[in-house]
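Asker: coords please:
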Amino acid sequence: MQKTVLHGRLAVSVLLIRVVMTVAMAQAPPAASRTLIRAGHVLDVHSGKESADQTIIVTGDAITAISATSATPKQSQDREIDLRSMTAAGFDRRAHAPDKGHQF
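Answerer: Now for the predicted structure:
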């Protein structure tokens, strides 16, 4: 059950980051500036550790760092996307769907 929840959270996190990156790149500021994605929680998929109040730092089209929001002040040329009040929920439907020969 816990693995399923982690897989669901991971899938939602990856999807959310992709959506934010797509929006950020569509309205991309000059390459020298950063995009700060203020996240409520970030899940480290290698350790399973969930960290609160984190900022994902995007420079150009790459994630360059993840650090505590308190340690990442916004600079004048930065673009800021605040996701702290948003909630993402999801599940791994392969683990929850009845097996009736359907393929997902």
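
Asker: residue ranges with poor pLDDT in the protein?
Answerer: 1-12, 15, 27-32, 87-104 (pLDDT under 70).

Asker: ranges for the helices of it?
Answerer: Counting by DSSP state H, the chain has helices at residues 2-26, 93-96.

Asker: I56 - how many residues pack around it?
Answerer: For I56, the count of nearby residues is 21 (other C-beta atoms under 10 Å). For the C-beta atoms, the positions are set from N, CA and C on the backbone; glycine is no exception.

Asker: bridged to it, which residues?
Answerer: Under the criterion DSSP bridges, I56 forms beta bridges with I37, I66.

Asker: pretty sure it contacts G40?
Answerer: No: checked against C-beta atoms under 8 Å, the pair I56 and G40 is beyond contact range at 11.5 Å.

Asker: can you check which residues contact both of the two?
Answerer: Shared contacts of I56 and G40 (C-beta atoms under 8 Å, 6 or more residues apart in numbering): none.

Asker: once you drop chain neighbours, what's closest to Q75?
Answerer: Using C-beta to C-beta, 6 or more residues apart in numbering and skipping residues adjacent in sequence, the residue nearest Q75 is R34, 7.4 Å away.

Asker: shouldn't that neighbour be in contact with D78?
Answerer: Yes: the pair R34 and D78 passes the contact test of C-beta under 8 Å, sitting 4.9 Å apart.

Asker: those two: who's more crowded?
Answerer: Residue environment comparison for R34 versus D78 gives the larger neighbour count to R34, 20 against 14, counting by other C-beta under 10 Å.

Asker: show me what contacts that one?
Answerer: With contacts defined as C-beta under 8 Å, 6+ apart, R34 is in contact with I57, V58, T59, T64, Q75, Q77, D78, R79.
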